[in-house]
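Asks: Turn this into a structure:
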Amino acid sequence: MPGMSAVQGDDFYIQLISEFEFTRDANRGEGCQEFGRSYKKGGASAALLFQIRNDTLKLYSEVPALVYQTAAGECSFTFNARKVYLTPWMRLDTAEDTQIDFSFVNSFNSDVDFTKLANDVGTASGVLAITGAGAGVALMSRLASGWMLNNERQVAERPQQVSSGNQSRREVHSLPAAITLNNQGGGVNQTSFAIREVSDSPVAFLGSNAKPLGEVRVYGALRSSLLLKISSDGLPDARDLSLEELWRSKMQAGAADASLLKYITEADHPDRPNLQPNWDSYQDVEGSCRKLKVVMKDLGFNRFDRNAVLYYFLDKSADWKNYNVPGQQVLSGEIPYSQSQQYRAKGFGGCLASEDYETMKKMGLAVNSEEDWRGILRQTQEKESYSAAIRSVERQLIAAMTNSDPAAAERQLYPLIAADEKGAGTVLLQNHLANFGLEQVLNVPAVPGTGIVITAAQLAQVFAGLQIDALSCARPAFEQERPLKNVAVMLFVTKAGGPLAKGGALEFEFDGGKVKRLAFQHPTYRDYRQNLRDYPDLGGCRIDAEFVERLN
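Replies: Model prediction:
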């Protein structure tokens, strides 16, 4: 499957199937109006029986695959062949130990009714249709073992009822292993063998002289989930579900009344989980999660179905929602670094491993892996460090901008500014606001669009001339919905009678704690108003709507 380098035994379920295909010349019975009714004892009878054994799952069953009868009459033979499900759905790793033998049982001039024999075996084995994820077998293992023992006794006792003139025998053969697994992956082996007419030759079915009737094929069907939808690439899709929906769900090929909740609650297991823990208690939820995981694995569910159930089970816990908080929400500044660390600490490590989180992701579920958290916390720490640098520059700028003494403001500004062109005590000043007399304050004919480098004394005079009434906190500046590196914006409101009727925005670019560029911005140039709507709280700075309204 996508994103996986090899097949693991916990990835798939397998069900072993036997199917018979007629050969072309086996259509001799066509035209018989009452197919099969001409059978009389004294002719030739035969049956093909499969014996399935899996000690891991305590699965022991005998399944009839076909019955063949010949007798005198309008129809020359009766042939009953079915597609037979030899096993329930089993997880691939537990299915590896499945051993399949098949028996040819035939009789000539016999009083044994092979139809009844095969039907008796089929009736007993049919009860094993209560399957699904191996869970049915796991729950009913002792009873299933009892059925098999009864069947073996039936088969063993039948030949003793045969009359002395009967010719009958049973050939037993073993199939190669159906499943092979190793570190590189796995293989599902298909086996086929021919079925020939029953004759009185000693080799019966296997004889090369007997006429072929068809071929039996034994193969495995694979599924990656018994509970979820499966996408075209083979991966299960666990999105848009709820725990209640999963509890009500039925296994593929399972019993009609056997819901997932019933399988789990009725399982005879020492680690019985509490499915209604105290959702406000992290320890209680984590412990219940662990037991639920163990029970589901022991019942035969694979990692996809287990982790889908565990995800929606844990989703009732606030700690789970906090652990899987979207990284963007953390990085937007809504959640401080210290609180993020607390969220990360409750990662349900007593229940889930890193592989479980990766499996949930493959199924389309939104979770944070340990690697995700490392990235989130690293970026959060960097962002908080960046915000702290903005706060530091902001405090020094506000102190100078609100100082009514230009000489004192100059002393405050000098160590704070350093333009790339002229260094310490200077700054590049740009103006994108309306004409408010900046040229007169600086005593220059014009300020070009690229700006002009000024001294700390000149900057102090500019701030004094603006007649600033109030300042907001500073927040990272954005351009085309992306934050600009080392650039921040703070809003200011002017006093009545000042050169600016309302106020504006002051943008500053800094490096190493030094401001190298200042720009008076108009909303059309840097749309800080939209940014305020998109990110009300950014970098620890929240600007009240009333403050923004004073600029309108």
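Asks: For Gln430, give its distance to Lys502.
Replies: Counting by CB to CB, to the nearest Å, the separation of Gln430 from Lys502 is 20 Å. No exception for glycine: its C-beta is placed from N, CA and C like everyone else's.
Asks: neighbour count winner among the two?
Replies: Gln430 (19 against 12; other CB atoms under 10 Å).
Asks: Can you report phi and psi for that one?
Replies: Phi and psi for Gln430, reported as degrees, to the nearest 10, are phi -120, psi 150.
Asks: now do the one 4 residues further on
Replies: Torsion angles at Ala434 (phi, psi; degrees, to the nearest 10) stand at phi -70, psi 170.
Asks: and it, what does it touch?
Replies: Leu500, His522 (CB atoms under 8 Å, 6 or more residues apart in numbering).
Asks: how close does it sit to Val489?
Replies: Ala434 is 18 Å from Val489, where distance means CB to CB.
Asks: Same check on Glu549?
Replies: Taken as CB to CB, the span from Glu549 to Val489 is 17 Å.
Asks: Repeat that for Tyr528.
Replies: Taken as CB to CB, the span from Tyr528 to Val489 is 5 Å.
Asks: what residues do the two have in common as contacts?
Replies: Common contact partners of Tyr528 and Val489 (CB under 8 Å, 6+ apart): Ala477, Ala505, Gln521.
Asks: Quick one, grab the pLDDT at the last one.
Replies: It refers to Gln521. The model reports Gln521 with a pLDDT of 84.
Asks: cool, the second one as well?
Replies: The pLDDT attached to Ala505 in the predicted structure is 88.
Asks: Check the first one too.
Replies: Ala477 carries a pLDDT score of 86 in this model.
Asks: Test my guess that it contacts Ala488.
Replies: Yes. Using CB atoms under 8 Å, Ala477 is in contact with Ala488, at 5.8 Å.
Asks: Among those two, which residue is more densely surrounded?
Replies: Under the neighbour definition other CB under 10 Å, Ala477 and Ala488 were set side by side, and Ala488 has more, 27 against 23.
Asks: Pull the contacting residues for the nearest residue to Trp89 once chain neighbours are set aside.
Replies: Using CB to CB, 6 or more residues apart in numbering and skipping the chain neighbours, the partner closest in space to Trp89 is Tyr13 (4.4 Å). By CB under 8 Å, 6+ apart, Tyr13 lies in contact with Trp89, Met90, Arg91, Leu92, Ala133, Leu222, Arg223, Ser224, Ser225, Leu226, Asn302.
Asks: Pull out the buried residues from those.
Replies: Among the contacts of Tyr13, those classed as buried by 16 or more other CB atoms under 10 Å are Trp89, Met90, Arg91, Leu92, Ala133, Arg223, Ser224, Ser225, Leu226, Asn302.
Asks: List phi and psi for the residue sitting furthest away from the middle of the chain.
Replies: Most distant from the centre of the chain: Asn443, at 67.1 Å, with distances by CA atoms, centre = their mean. Taking degrees, to the nearest 10, you get phi 60, psi 50 for the backbone angles of Asn443.
Asks: same deal with Leu275?
Replies: Taking degrees, to the nearest 10, you get phi -80, psi 0 for the backbone angles of Leu275.
Asks: What is the neighbour count of it?
Replies: When neighbours are defined as other CB under 10 Å, Leu275 has 14 of them.
Asks: From Ala6, how far out is it?
Replies: With distances taken as CB to CB, Leu275 is found 34 Å from Ala6.
Asks: Pro277 now?
Replies: To Ala6, Pro277 is 36 Å away according to CB to CB.
Asks: quick one: contacts for Gln461?
Replies: Counting by CB under 8 Å, 6+ apart, Gln461 makes contact with Pro406, Val441, Leu442.
Asks: Surely the second one touches Leu459?
Replies: If I follow you right, that is Val441. No. If you go by CB under 8 Å, Val441 and Leu459 don't touch, sitting 9.9 Å apart.
Asks: Name the residue in these two with the higher neighbour count.
Replies: Using other CB under 10 Å as the criterion, Val441 and Leu459 rank with Leu459 on top: 27 against 18.
Asks: Rounded mean pLDDT for the helix or strand hosting that one, please.
Replies: Using DSSP states H and E, Leu459 maps to helix 456-466. For helix 456-466, the mean per-residue pLDDT is 93.
Asks: what's the following helix or strand after it?
Replies: Scanning forward in sequence from helix 456-466 by DSSP H and E, the next helix or strand is strand 468-479.
Asks: And that next one, what's buried?
Replies: Those would be Ile468, Leu471, Ser472, Cys473, Ala474, Arg475, Pro476, Ala477, Phe478, for strand 468-479 by 16+ other CB under 10 Å.
Asks: With that, I have no additional questions.
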